[in-house]
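Trainee: The following block contains a protein sequence and its predicted model.
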Amino acid sequence: MRKKIIVLTGAGMSQESGISTFRDADGLWEGHDVHEVASPDGWRNNPSLVLDFYNQRRRQLKVVQPNAGHLALHRLEVAYDVQIITQNVDNLHERAGSSNILHLHGELTKVRSTGNPKTVLEWHEDLNTGDQCREGFQLRPHIVWFGEDVPNYDAARRMCQQGDIFLIIGTSMQVYPAAGLIHFAPKQSQIYYVDPKPHISWELSLRPALEILEGKAGEMLPSLVDKLLNL
Ligand code: APR
């Protein structure tokens, strides 16, 4: 049976594609306080600002491309059962060809009804105040904001419990519950952590099979993938 690789990715995965990370810029995200543009309070206080912020992100998505790291992860599928669990809201894993991607924090290319959370629509253009679902409710970005539940967390936890090999890529491991997922990795599983500034939690440091690759995803992943394909 094929081994299962679980890939946990964060903002650093897309940095070389030209998308900013969150915590590398003094707590500002593209010049904004994250709570202004990514929280239910921010949405209540100034929905136009929030919509505009995500419109800019959606427009940016059209001009950025998957990087060498995204493309390398796709190659793993030749020999492994690969499940990507990403905190990113971009679609660069999809565009690099990866098959199994779970988005923990939502997706930029989807919107949902503020009146009926089950109404989720594909959306590739700007979203404006006044854009409504069929039932007449304002649409909002399909993003998990600070303080909101993470609906895909249980599915992600179950996936992690089944993993043989784990790749953690480009995440500061500071935002919970996403950062806690690695605790569900079976004790003896091999973990690779790729990040130019890795944040090693106490629990992670106790792992018997942890290898830290200090560097950028696009630079480190092609050779790590080659190594895994040659095992
Ligand atoms: N390759 C790999 N890692 C990189 C690169 C790169 N080219 N550039 C930066 N990094 C690393 C940084 O060293 C840092 O550890 O990426 C990490 C980015 O950390 P954060 O900005 O905290 O992003 P992330 O961990 O994904 O944040 C989690 O927080 O704001 C919320 O919901 C948002 O999903 C996001 C969550």
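Mentor: Here it is on my side, so go on.

Trainee: Let me see the ranges of the strands in the chain.
Mentor: 4-9, 28-29, 32-33, 81-86, 101-103, 106-113, 120-122, 139-143, 165-169, 190-194, 210-213 (DSSP state E).

Trainee: Excluding chain neighbours, what is closest to Asn45?
Mentor: Spatial nearest neighbour of Asn45, chain neighbours left out: Glu36 (7.8 Å); criterion: C-beta to C-beta, 6 or more residues apart in numbering. For glycine as for every other residue, the C-beta is placed from the backbone atoms N, C-alpha and C.

Trainee: I figured that neighbour was touching Trp43, is that so?
Mentor: No: at 9.8 Å, Glu36 does not count as touching Trp43 under the criterion of C-beta atoms under 8 Å.

Trainee: Show me whatever sits in contact with both of those two.
Mentor: Here Glu36 and Trp43 have Val50 as joint contacts, going by C-beta atoms under 8 Å, 6 or more residues apart in numbering.

Trainee: From Gln188, how far off is Phe166?
Mentor: 11 Å (C-beta to C-beta, to the nearest Å).

Trainee: Between those two, which is the more surrounded one?
Mentor: Counted by other C-beta atoms under 10 Å, Phe166 and Gln188 do not tie: Phe166 has more neighbours, with 25 against 9.

Trainee: From the contact counts, what lies against the lengthiest helix in the chain?
Mentor: In the chain, with assignment by DSSP state H, the single longest helix is helix 47-63. Counting contacts by 3 or more C-beta pairs under 8 Å, 6 or more residues apart in numbering; DSSP states H and E, helix 47-63 is packed against helix 34-37, helix 40-45, strand 106-113, strand 139-143.

Trainee: Go again with 7 Å.
Mentor: Applying 3 or more C-beta pairs under 7 Å, 6 or more residues apart in numbering; DSSP states H and E, we find helix 47-63 packed against helix 34-37, strand 106-113.
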